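**Q** Have a look; sequence and predicted model below, questions after that.
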Amino acid sequence: MTSVERTVLREQVKDILLQRIIGGEIQPGERLVETRIAQELGTSQAPVREALRDLEQLRLVESAAFRGARVRAFGDDELIEIYPVRAVLEELAARLAAVGLAGDVSQLEAEIDAMRKAARKGDLHQLVVHDFAFHRAMVEATGNDVLVRVWKTLGVEGRITLSIYGTAVEPQQAPELHVPLLEALRSGDAAASGREARKHVEYFARLAMKTRR
Amino acid sequence: MSTISRTVLRDQVKEILLARIIRGELGPGDVLVETRIASDLGTSQAPVREALRDLELLRLVESEPFRSARVRAVTDDDLLDVFPVRAVLEELAAREAAKRLAGDVAAIEAEVDGMRRAAAADDLSALLAHDIGFHRAVVEAADNAVLLSAWLALGIEVPTAFGVYWTTFDKNELVAFHVPIVEAIRAGDASAAGAEARKHVRRTERVVKRRRSERAKREARG
């Protein structure tokens, strides 16, 4: 197998497992047995193992030595708790980035374009990748290493994954939600950028509250 | 040795090294040799090794493979990165704490009392512990696990900033700086609590900025 096919397979396995976790077919606390998943999907164990590792990085799955992987039982609390923290950190990031970027938003614009392309193709995996890359690029543009380090503890990628793979946001809508923030950053207006960043995060907070059962 | 006394020993070694770093007896780049510290303190090497690992987690100490640990050099520029992040996190924490505690500030007030006692006894290490304990208690009162882990990720720069603080302010003044935060939380006034928490962090930031510009002026003259 070429490494391209291998990567694709790993992403396919990851996507299938994600859909099942979000759809509730796999419940929190339920075990994810590598051999069983591999057999069911007709693949070898390696892509399953890699997919599980990806999901673990997204903090959707947890694994313990000798016990195998399980779907993380994040309570409603944890799902909701991230938003106020993300809002203050990204508001700060946008304010600092508006100054640091000095109007050069080409990288952020490229991520939005890549999101649009992915949405057209219905490629949710790439959509998440570029959505996350947009936010990371904004945080990194602050040049504040502490902010980057602290923001990374939030596990924003897992949150974006849940929003995109869940039914909360239409794929076509996702890139457009970033445009007001992009424009504020382009204008170099720190206060407006901060406000747009906060609004962006709070929009997803409201969606998360709504889908909370 | 029992596990308990082992843990205590490790904490004691950590406290001693921390106090030396804060007082400036150990400076940035100074080598921390396990065997030397162990014989100096009359312990075995294991608790020293563990204490150094704890200090590394706090980013006060850095080590490379096959080389001894060193006290990390934290520049004013590194420090200045911390303040805006700390300000937004502690503002959020104080707001939430004011809403959730319903006036019960006992845990937070206990840390202020601890600071007062430490200031009276001129115990720098205890003052540091209670100062950090105060801020941690506020963050914990917000009852948000994501916020707590983000705040903990601020790391060392936090205690180092406290070190800066102390060389500028009188100990009793330092304790007094925390009182308006307690009072706003006790009153359940979220926006006042948030504003006081932000002001508190910004005050330290100004000290570091002033120090940096004074240093720059000296160097320009020098």
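**A** Perfect, thanks for sending it.
**Q** contacts, neighbours, all on C-alpha from now
**A** Will do.
**Q** buried residues in the longest helix anywhere in chain A?
**A** Ranked by number of residues, the top helix in chain A under DSSP state H is helix A:76-101. Neighbour counts over helix A:76-101 (16 or more other Cα atoms under 10 Å in any protein chain shown) mark A:80-101 as buried.
**Q** Same list, the residues you listed, but only the ones touching chain B.
**A** A:81-82, A:84-85, A:88-89, A:92 (Cα under 8 Å from any Cα of the partner chain).
**Q** quick one: low-confidence ranges for the chain?
**A** Chain wasn't specified; assuming chain A. A:1-4, A:74-79, A:167, A:211-213 (pLDDT under 70).
**Q** Hmm, no, I was thinking of chain B.
**A** B:1-4, B:23, B:58, B:156-167, B:222.
**Q** related to what we said a few turns ago, now for the longest helix of chain A, which elements pack on it?
**A** helix A:124-140, helix A:145-152, helix A:179-187, helix A:190-211, helix B:76-101, helix B:145-152 (3 or more Cα pairs under 8 Å, 6 or more residues apart in numbering or on different chains; DSSP states H and E).
**Q** does chain B sit close to stretch A:47-58?
**A** No: applying Cα under 8 Å from any Cα, one finds stretch A:47-58 out of contact with chain B, separated by at least 14.7 Å.
**Q** Now do stretch B:129-138: everything it contacts.
**A** B:90, B:93-94, B:97, B:107-109, B:111-112, B:114-115, B:159 (Cα atoms under 8 Å, 6 or more residues apart in numbering or on different chains).
**Q** Neighbour count added to those residues, as CSV?
**A** CSV is the format used below for the contacts of stretch B:129-138 (neighbours: other Cα atoms under 10 Å in any protein chain shown):
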residue, neighbour count
B:E90, 26
B:A93, 30
B:A94, 33
B:A97, 30
B:A107, 13
B:I108, 23
B:E109, 18
B:E111, 23
B:V112, 23
B:G114, 19
B:M115, 29
B:P159, 20
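**Q** Which two among those residues are spaced furthest apart?
**A** Using Cα to Cα, the pair of the contacts of stretch B:129-138 lying farthest apart is B:A97 and B:P159, separated by 22.2 Å.
**Q** Check the gap between A:S163 and chain B for me.
**A** Note on A:S163: its distance to chain B, by Cα to the nearest Cα, to the nearest Å, is 18 Å.
**Q** What values do phi and psi take at that residue?
**A** Reported as degrees, to the nearest 10, the phi and psi values for A:S163 are phi -70, psi -40.
**Q** How about the contacts made by it?
**A** Counting by Cα under 8 Å, 6+ apart, A:S163 makes contact with A:169, A:204.
**Q** Spell out which residues of chain A are next to chain B.
**A** So chain A meets chain B at A:78, A:81-82, A:84-85, A:88-89, A:92, A:144-147, A:149-151, A:153-154 (Cα under 8 Å from any Cα).
**Q** one step back: highest mean neighbour count out of the helices and strands packed on helix A:76-101?
**A** Neighbour counts (mean count of other Cα atoms under 10 Å in any protein chain shown) averaged over each of those peak at helix B:76-101, with a mean of 23.
**Q** so what secondary structure elements neighbour the helix or strand just after it?
**A** Using DSSP states H and E, the next helix or strand after helix B:76-101 towards the C-terminus is helix B:106-120. In terms of contacts (3+ Cα pairs under 8 Å, 6+ apart), helix B:106-120 is packed against helix B:124-141, helix B:171-176, helix B:179-186.
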